[in-house]
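Asks: Task: produce atomic coordinates for the following.
(one chain, ligands or ions: 1)
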Amino acid sequence: MDGKPTINLGLEGIYFMESKICKVDGKAGKLYYYGYDIEALAARSNFEETSYLLLHGELPNVKQLADFSRALSEERNLDDKIIDMIKSVPKETNPMHTLSAAMDLIGAYDKNAEKTADNESTSIRIISKIASVVAAIGSIRATSQYTHPDPKLSHTANFLYMLNGEPKPKEVVKLADTMFLLHAEHSSNASTFSGIVTISTLSDIYSAVVSAINTLKGPLHGGADEAALKMITGGIGKDPDKYIDGIISSGNRIMGFGHRVYKTYDPRAVIIKEQLKAAIGDSDSRVKEIAETAFGIEEATIKRTGQKGIWPNVDFFSGPVYSYVGIEPELFTPVFALSRAPGWCSHIMEYLKDNRLIRPTVYYTGETGRPYKEINSR
Ligand code: ACO
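Replies: You can find the predicted model right below:
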């Protein structure tokens, strides 16, 4: 090749496939799952129905949804070996490591793991079990206890039940369910891409999901909500303008702000902010304090960064919402993972329909022909 090629760091702006699953319109601040507007899904659908949509490309009819919900419910149980593994992990371990190891182990015990033809039913198993694993990690860390699933509850109600050892009120379940739905899919984000890279080698769907989990872990992706909440709580009782100036002038980023694709308000953040506003009316004073501080920081940040196209993303409000739901910050990223599982599985199956090994090229800038010196003469 003559001359230096264009290098697209972070693969920004590179199209690597066609997809019908998700459209992220970063200019207009719009998001569609299989053509359905996220506002309509958040207002009228739920996580189970949306998961069906992501796996099948169509909304289910009454029977299809009932069958799908039953299949999810039937997969909730965790084998004792998985629970023992979760119990054996040191308390200080990052729960994303535990989640990754548990999902890999579930794959190791699944005799159908390598059967591509079973990927649809394996996806249902993954979506169901990842929620049970996250709940088990949370409850074992908090109380050393594992709560067995309740097959009569919805996916989200059961997750909160397993996490807390008791059922949560309907309005709390509804808010958590909306958060899961909003996080369920987001096109070729880093974790999804990593899952696609893994499946492109004709590995298996568990391995691809485990790659996605490990990629989600970082603070520039799934770890942003925990970092954003830390920043929000650090601003309690402070003047938001001075607080934000301090963060920016010390060269730090405002967590939960900015996005590679959205150069305007993230539509998921718009939806969840409204729901948070409505919910805090009857929440405790700590959650109100967190939410009100978040609104102040949001306004102060937009004044400084809006013109540069840096607006709140969904993770800015995830922390305050999960505080209301009663989820501990260390569990935010695992909860993001259980929410994103349908999107990961959907992309993995779509990619396999027309698989090609992903193998991009680097532009080599090193030397060639260096003389090899024996170790004693270096
Ligand atoms: N706070 C302050 N400044 C920011 C922020 C932010 N959150 N995000 C970007 N910028 C600034 C950068 O400093 C840079 O400024 P410069 O041009 O003066 O150097 C400019 O905006 C462009 O930044 P990039 O890093 O090139 O933009 P990119 O598209 O790669 O950023 C990213 C996307 C990584 C998400 C970034 O906005 C960020 O770090 N945000 C904070 C972490 C976060 O919230 N992540 C969650 C993403 S959403 C999700 O995973 C669900």
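
Asks: And Gly222, how far from Ala117?
Replies: 30 Å (CB to CB, to the nearest Å). (C-beta placed from N, C-alpha, C; glycine too.)

Asks: Give me the more crowded residue out of these two.
Replies: More neighbours surround Gly222 than the other of Gly222 and Ala117, with 28 against 8 (other CB atoms under 10 Å).

Asks: I figured that one hits Ser191, correct?
Replies: Yes: with contact defined as CB atoms under 8 Å, Gly222 counts as touching Ser191 (6.8 Å).

Asks: shared neighbours of these two, anything?
Replies: Shared contacts of Gly222 and Ser191 (CB atoms under 8 Å, 6 or more residues apart in numbering): 216, 340.

Asks: In terms of pLDDT, where does Asp2 sit?
Replies: pLDDT for Asp2: 68.

Asks: cool, and the one 3 residues further on?
Replies: If you check Pro5, the pLDDT there is 93.

Asks: can you give me phi and psi for whatever residue of the chain ends up closest to the ligand?
Replies: In the chain, the residue that lies nearest the ligand is Gly258 (2.2 Å; CB to the nearest ligand atom). Backbone torsions for Gly258, taken as degrees, to the nearest 10, come to phi 90, psi 150.

Asks: and it, how many residues sit next to it?
Replies: So Gly258, with other CB under 10 Å, has 21 neighbours.

Asks: residue contacts, it?
Replies: Counting by CB under 8 Å, 6+ apart, Gly258 has contacts 305, 310-311, 313.

Asks: Name the nearest residue to the residue most central in space within the chain, sequence neighbours excluded.
Replies: The chain has Phe336 as the residue nearest its centroid, 3.3 Å off, counting by CA atoms, centre = their mean. Spatial nearest neighbour of Phe336, chain neighbours left out: Gly222 (4.5 Å); criterion: CB to CB, 6 or more residues apart in numbering.

Asks: you'd agree the one you found is in a helix?
Replies: No: under DSSP: H, G, I helix; E, B strand; the rest coil, Gly222 sits outside any helix and is assigned coil.

Asks: And the pLDDT at it?
Replies: 87.

Asks: Tell me how far it lies from Val133.
Replies: 15 Å.

Asks: hmm, back to that, could I get the contacts of Gly258 in a markdown table, plus columns for neighbour count and secondary structure?
Replies: Listed next are the contacts of Gly258 as a markdown table, based on neighbours: other CB atoms under 10 Å; DSSP: H, G, I helix; E, B strand; the rest coil:
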| residue | neighbour count | secondary structure |
| --- | --- | --- |
| Thr305 | 18 | helix |
| Ile310 | 19 | coil |
| Trp311 | 22 | coil |
| Asn313 | 23 | coil |
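
Asks: Nearest to Asn158 among these?
Replies: Asn313 (28.2 Å; CB to CB).

Asks: which phi and psi does that closest one have?
Replies: phi -100, psi 170.

Asks: right, and it touches Ile254 too?
Replies: No: counting by CB under 8 Å, Asn313 stays clear of Ile254, with 10.4 Å between them.

Asks: Look at stretch 277-294 and report the distance between its end residues.
Replies: End-to-end distance of stretch 277-294 (CA to CA, to the nearest Å): 11 Å.

Asks: Now look at it and say if it contacts the ligand.
Replies: No: Stretch 277-294 is not in contact with the ligand by CB under 6 Å from any ligand atom; minimum separation 13.4 Å.

Asks: That stretch: which residues count as buried?
Replies: The neighbour-count check on stretch 277-294 (16 or more other CB atoms under 10 Å) flags 279-280, 283, 287, 289-291, 293-294 as buried.

Asks: residues in contact with it?
Replies: Against stretch 277-294 from outside (CB under 8 Å, 6+ apart): 171, 175, 229, 232-233, 235-236, 240, 276, 316-317, 319-321, 323-324.

Asks: For those, work out which two are farthest apart.
Replies: Maximum distance among those (CB to CB): 28.3 Å, for Glu171 and Pro240.

Asks: who's more crowded, those two?
Replies: A direct count of neighbours by other CB under 10 Å for Glu171 and Pro240 places Pro240 higher, at 18 against 13.

Asks: what residues does the protein put near the ligand?
Replies: Within the chain, the residues that sit near the ligand (CB under 6 Å from any ligand atom) are 220-221, 224, 253-260, 305, 308, 310, 313-315.

Asks: Produce a ChimeraX select command limited to the buried residues of these.
Replies: In ChimeraX, a selection of the buried entries from these looks like this (16+ other CB under 10 Å):
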select :221,224,253,254,255,256,257,258,259,260,305,310,313,314,315
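
Asks: Show me the strands in this protein, by range?
Replies: Listed in chain order, the strands found in the chain under DSSP state E are 22-25, 30-33, 36-37.

Asks: Dump those strands to a markdown table, plus mean neighbour count and mean pLDDT.
Replies: Shown next, in a markdown table, are these (neighbours: other CB atoms under 10 Å; pLDDT from 0 to 100):
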| stretch | mean neighbour count | mean pLDDT |
| --- | --- | --- |
| strand 22-25 | 17 | 96 |
| strand 30-33 | 22 | 98 |
| strand 36-37 | 14 | 98 |
